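Q: what follows is a protein structure lacking sequence information:
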């Protein structure tokens, strides 16, 4: 089967799309795969590096429903639609999968115009506006939370979990102690907090963590911090001003690559993160207790909904950014460190929500179309 996969702009769209391609290759080794992404997003680098055939089309994000840029975004969507349509015809696609972002809207609308069966991932508890639109044309809609089923009519909605990269859960013989040794400066025997603000970083979370780190280090907690590419220089300067170094237990990187991310998740005792569903899904399948600080400006406040669902299930602790201080963050981390039974219960709850076989489940659905 020849399947086109489309998603772009952020790691939360790109990495699930790549996971789908892995599932398709396992299910149909002789099938054809094409990734349709935006011409300016992270996918232009990440997808070719993953060895997946890639075609770029015009895509531009709509910041507000009504604004001076709306006309330009509409024109970009039309251009992307025409370019994606040409790609699909040239590739001779038999089905199309969308994982999010405006490039996926162009590709899925192009597929619908060609009469091709489509499938979309709608993993956030509150579906985004693009997925609400595309669901009208999709044969199947794959979700993470059962609560999302009611957002889509008919029998097209299926709880599959979010497809994750192969190897995101390290082998069982990779212990936390071994994983910590992969990062220069981390001690193998110290309580470790992993901080990830998303693929593009989160400056507000970075600021809180940098402010809280001196107290955490003084209490024997070490920090492994993904700052985000665009925030790395600023965070590095802040850390330098506070005297935070790897020798003292503060280790920072701009971005974890595909080899580092599973090791970082295994190295951690606790995860501090945003409420993006891709990040949370990686925590779930790894059984990693999470302290979640949702992005308050996310569409329809969907990250808060994700965080609350995790907290209700007992898999995470939700903290609103506007009311969270560095002192409170420090107290929460120390409190969880001192309650291993609570962390163990959170890990069990997370694994119950996770779907490590989601990529294969989605691939089977695609082939069934």
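A: Looks like it arrived, so ask away. In this text the structure is predicted, and so the values were computed from the model without any measurement.
Q: any idea how far residue 52 lies from residue 7?
A: Distance of residue 52 to residue 7, given as C-beta to C-beta, to the nearest Å: 12 Å. The C-beta positions use only the backbone N, C-alpha and C, and glycine is treated the same way.
Q: so residue 328 sits against residue 321, correct?
A: No: judged on C-beta atoms under 8 Å, residue 328 makes no contact with residue 321 at a distance of 11.3 Å.
Q: looking at the two, which is more packed in?
A: Neighbour totals were compared for residue 328 and residue 321, and residue 321 leads with 17 against 13 (other C-beta atoms under 10 Å).
Q: helices or strands next to the longest helix seen in the chain in the packing?
A: Ordering each helix of the chain by length in residues (DSSP state H) puts helix 70-91 first. Counting contacts by 3 or more C-beta pairs under 8 Å, 6 or more residues apart in numbering; DSSP states H and E, helix 70-91 packs against strand 2-6, strand 32-38, strand 54-57, helix 102-113.
Q: follow-up on the earlier one: who has more neighbours out of residue 52 and residue 7?
A: residue 7 (30 against 19).
Q: which one is that one nearest to, not counting chain neighbours?
A: Closest residue to residue 7 apart from its sequence neighbours, by C-beta to C-beta, 6 or more residues apart in numbering: residue 99 at 3.2 Å.
Q: chain center to the longest helix of the chain, what's the gap?
A: Between the centre of helix 70-91 and the centre of its chain there are 25 Å (C-alpha atoms, centre = their mean, to the nearest Å).
Q: cool, and stretch 80-100?
A: Here the centre of mass of C-alpha atoms in stretch 80-100, compared against the chain's by C-alpha atoms, centre = their mean, lies 23 Å away.
Q: in it, what counts as buried?
A: Within stretch 80-100, the residues that qualify as buried are 80-81, 83-85, 87-88, 91, 93-100, counting by 16 or more other C-beta atoms under 10 Å.
Q: next: stretch 204-214.
A: For stretch 204-214, burial by neighbour count (16+ other C-beta under 10 Å) applies to 205-206, 208-214.
Q: can you get me a residue count around residue 349?
A: By other C-beta under 10 Å, 20 other residues sit near residue 349.
Q: got the contact list for the host helix or strand of it?
A: For residue 349, the host element (DSSP states H and E) is helix 340-353. Applying C-beta atoms under 8 Å, 6 or more residues apart in numbering, the external contacts of helix 340-353 come out as 144, 269-270, 283-290, 310, 313-317, 336.
Q: pop the domain breakdown of this protein in here.
A: Here the domain parsing of the chain from automatic domain parsing is 2-161+356-368, 176-353.
Q: pLDDT wise, what is residue 150 at?
A: Here the pLDDT value assigned to residue 150 is 84.
Q: am I right that it is in a helix?
A: Yes: Residue 150 forms part of a helix when assessed by DSSP: H, G, I helix; E, B strand; the rest coil.
Q: distance of it from residue 26?
A: Residue 150 is 32 Å from residue 26, where distance means C-beta to C-beta.
Q: okay, these two: which has more neighbours?
A: Counted by other C-beta under 10 Å, residue 150 and residue 26 do not tie: residue 26 has more neighbours, with 12 against 8.
Q: thought the more buried one was touching residue 363?
A: Yes: with contacts counted by C-beta under 8 Å, residue 26 reaches residue 363, the gap being 6.9 Å.
Q: the helix or strand following the longest helix of the chain - what's its average pLDDT?
A: Using DSSP H and E, the helix or strand that follows helix 70-91 in sequence is strand 95-98. What strand 95-98 shows for mean pLDDT is 98.
Q: could you do stretch 249-263 as well?
A: Averaging pLDDT along stretch 249-263 gives 94.
Q: check which residues of that stretch are buried.
A: The neighbour-count criterion (16+ other C-beta under 10 Å) identifies 249-252, 254-256, 260-263 as the buried residues of stretch 249-263.
Q: distance from that stretch to the middle of the chain?
A: That offset, for stretch 249-263, works out to 15 Å (C-alpha atoms, centre = their mean).
Q: which residues are in contact with it?
A: By C-beta under 8 Å, 6+ apart, the surrounding residues in contact with stretch 249-263 are 50, 165, 167-170, 174, 179, 182-187, 190, 196, 199, 213, 217, 221-229, 232, 235-236, 239, 244, 264, 282.
Q: which SS class is residue 119?
A: Quick answer, by three-state DSSP: residue 119 is strand.
Q: how many neighbouring residues does it have?
A: 29.
Q: what sits against residue 322?
A: residue 296.
Q: ok, it to residue 328 distance?
A: Separation of residue 322 from residue 328 (C-beta to C-beta): 12 Å.
Q: same deal with residue 110?
A: Here the criterion is C-beta to C-beta. By it, residue 110 lies 48 Å from residue 328.
Q: got the residue ranges for the strands in the stretch 201-350 of the chain?
A: Under the criterion DSSP state E, counting those that start in this stretch, strands of the stretch 201-350 of the chain are mapped to 221-226, 250-253, 270-273, 290-292, 316-318.
Q: so which of those gets nearest residue 105?
A: Among these, the nearest to residue 105 by C-beta to C-beta is strand 270-273 (26.8 Å).
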